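Participant: dropping the sequence and predicted coords here.
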Amino acid sequence: MRIGYPCRVKKLIETEIKLRVISAAGARRLLRQHGFRVIKPRIFEQNLVLDDAKNSNRRQGRLLRVRAAGDKITCTFKGVANNGRYKSREEREFHADSLVECVAVFRAIGFSEKFRYEKYRTEFGRRNETGHVMLDETPIGILMELEGPGRWIDATAKELGFPRSAYITDSYGRLYEQWCEEKGSVRGNMTFKRSLRRMGEGPN
């Protein structure tokens with residue numbers, strides 16, 4: 001079979017915002033009250049951000065990431081964001097069989113791990129809606145990520161009680177940097193304590 005690549009490939013655009021919430025339990029109650037149901041159960045994620053020796057991706061606003069969620073390995077490229085009210089950018093993904101081999105391949109061509117962040121993610125949705133809500137429990141707090149068309153994001157955020165001024169378009173890497181600056185902490189990786197990871201638990 002001849003493998004070809006089309007001259008014009010349709011760009012897959014991801015549009016999203018984040019919203020900070022007080023607690024995961026409160027966010028779950030809020031979502032249930034508005035008809036959202038769990039479509040992907042809570043799972044622990046490890047995210048490895050890769051870059052070259054010159055940090056070219058970071059400097060140019062791109063992202064190369066390998067994510068392990070249970071036994072599912074996802075490799076993601078995100079292009080330069082068109083930041084406005086929402087965060088919109090090209091997104092490309094594929095799945096791999098082995099985290100170790102995937103990272104080894106990228107390392108062999110010059111991309112190594114620069115930052116690691118962890119979270120527990122639960123995905124919610126409503127029937128016949130294209131947008132989804134991801135509830136993320138992270139070492140720096142609880143956030144909801146709304147992903148879908150801009151009009152859906154605005155309508156859903158308003159329905160849940162959030163004004164547009166609450167929209168967050170920063171990446172988790174940037175949010176972690178801000179958190180370290182506020183706490184006076186040395187920037188490292190955004191990870192949970194080992195005891196929590198070992199027990200498979202996260203923040204309540």
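Facilitator: In hand now; what should we look at?
Participant: any regions of the chain where pLDDT drops low?
Facilitator: Flagging of the chain using pLDDT under 70 yields the residue ranges 1, 3-10, 194-204.
Participant: what are the ranges of the strands in it?
Facilitator: In the chain, the strands defined using DSSP state E lie at 13-21, 37-51, 63-69, 72-78, 82-83, 87-96, 112-125, 132-138, 141-147.
Participant: could I get those as TSV with distance to residue 30?
Facilitator: For glycine as for every other residue, the C-beta is placed from the backbone atoms N, C-alpha and C. Formatted as TSV, these follow (distance: least, Cβ to Cβ, whole Å):
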stretch	distance to residue 30
strand 13-21	8
strand 37-51	13
strand 63-69	24
strand 72-78	27
strand 82-83	27
strand 87-96	22
strand 112-125	10
strand 132-138	10
strand 141-147	9
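Participant: quick one, which of the ones you listed gets closest to residue 102.
Facilitator: For those, the distance to residue 102 is smallest for strand 87-96, at 4.1 Å, taking Cβ to Cβ.
Participant: the closest one pairs with which strands?
Facilitator: Strand pairing for strand 87-96, determined by DSSP bridges: strand 13-21 (antiparallel), strand 72-78 (antiparallel), strand 82-83 (antiparallel).
Participant: any idea how far the residue most central in space within the chain lies from residue 152?
Facilitator: In the chain, the C-alpha nearest the mean C-alpha coordinate belongs to residue 172, at 7.2 Å (Cα atoms, centre = their mean). Distance, residue 172 to residue 152, using Cβ to Cβ, to the nearest Å: 22 Å.
Participant: kindly report the same for residue 68.
Facilitator: Distance, residue 68 to residue 152, by Cβ to Cβ: 29 Å.
Participant: can you check residue 27 too?
Facilitator: For residue 27, the distance to residue 152 - Cβ to Cβ - is 18 Å.
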